[in-house]
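1. Quick one: sequence plus predicted model below, questions after.
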Amino acid sequence: MSRYLLPLLLMTAPAHAASLYLCPFDTAPQASIGAGITAPDGTRLRALIADAAPLPGCRKFDLGMEAARIEAVYPLPRDAKLEQAILLQGDDTKGALDVSEHTLIASRPEPDPPAPMPFGENLLASMQVRSFGVEERVTATLAGGRLRVECKAGAKPAGVLLRGPWYLPRAEAALQARFSGSGQFLWQAADEARAAREGALDMGSLSAGGRLALPPGLERGAWRHFTVLCPQQAASLSLDALSLEPAAAHPAPRSTWIWSRTEWRERGQAMIDWAAGERIGEIFITVPLAEGQVAEPEALAAFIKAAGARGIAITAVEGDPHMVMPEQQAPTAARARAYAAYNAQAEPAARLKGMQFDVEPYLIPAHVLPPAQRDRRYLELAARLRQAAGTMRLEFVVPFWWDSKTALLRELAQSADALSVMDYRTDPGQIYRFAVPFLDWADAHGKQVRIALEAGPIGAETQRRYRRAAPGAAGDMLLVELDGQPLLVLLRQPAAHPKAQAFTLAGTRRIDGSATTFHGDKEALRRLLPKLEAVFGAWKGFGGMALHEWR
């Protein structure tokens, strides 16, 4: 049957047509297809598919089709701005897509923000050149990653500006040039403020070795261009490569998590031997508490001293999203006080290096903690933990996508001594781009940051791309608005509806986790670690690489 005949068929609803309902959560009937929703005022609702008979207290939208043709219902945020495409991702192994996340694709996407200037790459391949000088004595060409500059003699300032699509990271770094030519070319760097008033900071002249230090006082995040000034005499410059390279090395130990509560107690020596063989310098372990204190202080002290004898520090780790809830903050702070009390009475060799909290409040369902309250509750908890920890080192685990939460990170710096950033990607370029904002944060606030990578298994999911259909056309998904709530109705067969926007399925792909975890190729991670450590070590606040599920 042609899909274009389906809109006509829907004009006459089947005998057992289904409807979409929006009901109070506590009174909503049981249904095989449904989804929970939290309204802006905190009211908990449930969207569900049921027969067309009225349901008391519920809002109703007649779909005009049998329930068997409906696969799933998924709510969008009330302020969602729909464009031309929607990505849905989730588990479809049980016959229907259980959506775990969505992405709205704009028809005119916002431009990507500037990326950090990469280390070790020829910057000229992505730069633009512009010559300047009132005497028109400069000729410059930039092609194939090579710059050629010819300068005639003259007394007025002249040269070229080199721009690129980046900002400069706050690392201890220098430019490395591979060049030849004649004459002394002075280099300068300008940030946004200096460029606006046609000023710049001197970097020196190219000489043997071709190394140029970045000038102090340059606002790295607002870098705009490098200036290459011609001498007054005739001169030429052939720049075959220009790269950003580390100018300092701040080595830091690798670390890992051991989540088993019995591992260190029952097989502690084997764990220490393994960690030493893997060049692990710190282990995060779970330490049981009882009646407000460490349950087995003697056993913990013995383990810490045995690990310390091999150069391995031990940190206590806690983790539960619900710790941010108001009723859980006091018990969580009490756990921090228990660790601080243990350290206060332990001899130096038996002390924990610190405590780490892996809270992840974004995992709490919206009906339990509205998203608008998450950051505030998280910062409340962080402040209480800081007070409870006293002088003991306090560390938090955060996701890489918190780089956009500038206000949260600025306030978190008042409580945290360090962060471990879940930079769970396998592409080295992505790992670097996601790490730099936090390493810069560490430099700005005098903190430490670890960069964590994933080595454990991650289940595969399916991603579907839906495109907006023409008005009146049939689609594989309908967008319905019910009482101000946008709802996606996924269909098993294409259909149209006069009061819904249809979307057609444009593509499906399997996401196997290889972009997120090194679980399938741990040797690749072993090879990558020294390279990442060499680059990240250019930040004095680099706290080392942290490996999740490494054992």
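-> On my side now, so go ahead.
2. tell me the contacts of Ala388?
-> Neighbouring residues of Ala388 by CB atoms under 8 Å, 6 or more residues apart in numbering: 333-334, 336-337, 340. Every residue, glycine included, has its C-beta placed from N, CA and C.
3. Who wins on neighbours among those residues?
-> Ala336 (22 neighbours; other CB atoms under 10 Å).
4. which stretch of helix or strand covers that one?
-> helix 326-345 (DSSP states H and E).
5. what sits up against that helix?
-> Here helix 326-345 has contacts from 287, 289, 292-294, 297, 300, 316, 318, 320, 322-323, 351-352, 355, 357, 377, 380-381, 384-385, 387-390, 392, 394, using CB under 8 Å, 6+ apart.
6. Filter those down to the ones in strands?
-> Per DSSP state E, strands hold the following members of the contacts of helix 326-345: 289, 293-294, 316, 318, 355, 357, 394.
7. which among these gets closest to Ser243?
-> Checking the ones in strands among the contacts of helix 326-345 against Ser243 with CB to CB, the nearest one is Leu394 at 37.5 Å.
8. The closest one - nearest residue in space that isn't next to it in sequence?
-> Asp417 (5.2 Å; CB to CB, 6 or more residues apart in numbering).
9. got the residue ranges for the helices in the stretch 451-551 of the chain?
-> For the stretch 451-551 of the chain, applying DSSP state H, counting those that start in this stretch gives helices covering 522-536.
10. Then the stretch 151-300 of the chain?
-> Listed in chain order, the helices of the stretch 151-300 of the chain (DSSP H, counting those that start in this stretch) span 192-196, 263-266, 268-277, 297-308.
11. just so I know, which of the ones you listed lies nearest Pro54?
-> Of all the helices of the stretch 151-300 of the chain, helix 263-266 sits nearest to Pro54, with 57.0 Å by CB to CB.
12. Which positions in the closest one come out as buried?
-> 263-265 (16 or more other CB atoms under 10 Å).
13. got it, and stretch 291-309?
-> 294, 300-301, 303-308.
14. and if you look at stretch 71-88?
-> Across stretch 71-88, burial judged by 16+ other CB under 10 Å covers 71-76, 82, 85-86, 88.
15. What is the nearest of the buried residues of helix 263-266 to Gln493?
-> When the buried residues of helix 263-266 are ranked by distance to Gln493 (CB to CB), Glu263 comes first, at 51.4 Å.
16. which residues sit in contact with that closest one?
-> 271, 285.
17. let's go with 10 Å and repeat that
-> By CB atoms under 10 Å, 6 or more residues apart in numbering, Glu263 lies in contact with 270-271, 283, 285-286, 551.
18. Drop anything exposed from those residues.
-> By 16+ other CB under 10 Å, the contacts of Glu263 give 271, 283, 285-286, 551 as buried.
19. Quick check: the farthest pair among the residues you listed?
-> Thr286 and Arg551 (14.1 Å).
20. Present the buried ones among the contacts of Glu263 as a markdown table; the columns should include distance to Phe536 and pLDDT.
-> Output for the buried ones among the contacts of Glu263, formatted as a markdown table (distance: CB to CB, whole Å; pLDDT from 0 to 100):
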| residue | distance to Phe536 | pLDDT |
| --- | --- | --- |
| Met271 | 26 | 97 |
| Ile283 | 20 | 98 |
| Ile285 | 24 | 98 |
| Thr286 | 27 | 97 |
| Arg551 | 23 | 94 |
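21. and the closest residue to Pro77 other than its chain neighbours, what does it touch?
-> Using CB to CB, 6+ apart and skipping residues adjacent in sequence, the residue nearest Pro77 is Pro486, 7.8 Å away. When contacts are counted by CB under 10 Å, 6+ apart, Pro486 touches 74-80, 82, 479-480, 501.
22. Tell me which entries of these lie within strands.
-> Those of those lying in strands (DSSP E): 74-75, 479-480, 501.
23. nearest to Phe119, of those residues?
-> Phe119 has its nearest neighbour among the ones in strands among the contacts of Pro486 in Tyr74, at 41.4 Å by CB to CB.
24. my guess is the closest one contacts Leu87, does it?
-> No - Tyr74 lies out of contact with Leu87 (CB atoms under 10 Å); the separation is 11.9 Å.
25. Same list, the buried residues of stretch 291-309, but as a markdown table with pLDDT please.
-> Formatted as a markdown table, the buried residues of stretch 291-309 follow (pLDDT from 0 to 100):
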| residue | pLDDT |
| --- | --- |
| Val294 | 97 |
| Leu300 | 98 |
| Ala301 | 98 |
| Phe303 | 98 |
| Ile304 | 98 |
| Lys305 | 98 |
| Ala306 | 98 |
| Ala307 | 98 |
| Gly308 | 98 |
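26. just to revisit the earlier point, quick one: average pLDDT of the helix holding Ala336?
-> Taken as a whole, helix 326-345 carries a mean pLDDT of 98.
27. The ones in strands among the contacts of helix 326-345, buried ones only, as a ChimeraX selection?
-> Here is the ChimeraX command that selects the buried residues among those (16+ other CB under 10 Å):
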select :289,294,316,318,355,357,394
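28. closest to Glu523 among the ones in strands among the contacts of helix 326-345?
-> Scanning the ones in strands among the contacts of helix 326-345 for proximity to Glu523, where the rule is CB to CB, the winner is Ala316, at 31.1 Å.
29. What about the spatially closest residue to that closest one that is not a sequence neighbour, how many residues nearby?
-> Distances taken as CB to CB, 6+ apart place Val287 nearest to Ala316, at 4.4 Å, with adjacent residues excluded. Using other CB under 10 Å, Val287 has 25 neighbouring residues.
30. Can you name the next helix or strand after the lowest-mean-pLDDT helix or strand in the chain?
-> Least confident helix or strand, the chain: helix 6-9 with a mean of 40, by mean pLDDT, DSSP states H and E. As assigned by DSSP H and E, the chain's next helix or strand after helix 6-9 is strand 17-24.
31. Show me what that following strand is packed up against.
-> strand 34-38, strand 44-51, strand 59-66, strand 70-75, strand 475-482, strand 485-495 (3 or more CB pairs under 10 Å, 6 or more residues apart in numbering; DSSP states H and E).
32. how big is the angle separating it from strand 34-38?
-> With axes from the mean of the first three to the mean of the last three CA atoms, to 10 degrees defining the directions, strand 17-24 sits at 30 degrees from strand 34-38.
33. if we can go back for a sec, got any residues that touch both of Tyr74 and Leu87?
-> Contact criterion CB under 10 Å, 6+ apart; residues shared by Tyr74 and Leu87: His102.
34. re the thing from before, distance to Ala538 and pLDDT added to the ones in strands among the contacts of Pro486, as JSON lines?
-> Converted to JSON lines, the ones in strands among the contacts of Pro486 look like this (distance: CB to CB, whole Å; pLDDT from 0 to 100):
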{"residue": "Tyr74", "distance to Ala538": "44", "pLDDT": "96"}
{"residue": "Pro75", "distance to Ala538": "45", "pLDDT": "94"}
{"residue": "Leu479", "distance to Ala538": "48", "pLDDT": "97"}
{"residue": "Val480", "distance to Ala538": "52", "pLDDT": "96"}
{"residue": "Gln501", "distance to Ala538": "50", "pLDDT": "96"}
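35. Out of the contacts of Glu263, name the two that are farthest from one another.
-> Maximum pairwise distance in those, criterion CB to CB, is 17.2 Å, between Ala270 and Thr286.
36. how does this protein divide up, domain by domain?
-> Structural domains annotated on the chain: 3-109+466-506, 115-246, 254-458+514-548, as defined by automatic domain parsing.
37. Tell me who's in contact with Pro41.
-> Check again: residue 41 is Asp, not Pro. Each residue near Asp41 by CB under 10 Å, 6+ apart is listed here: Pro370.
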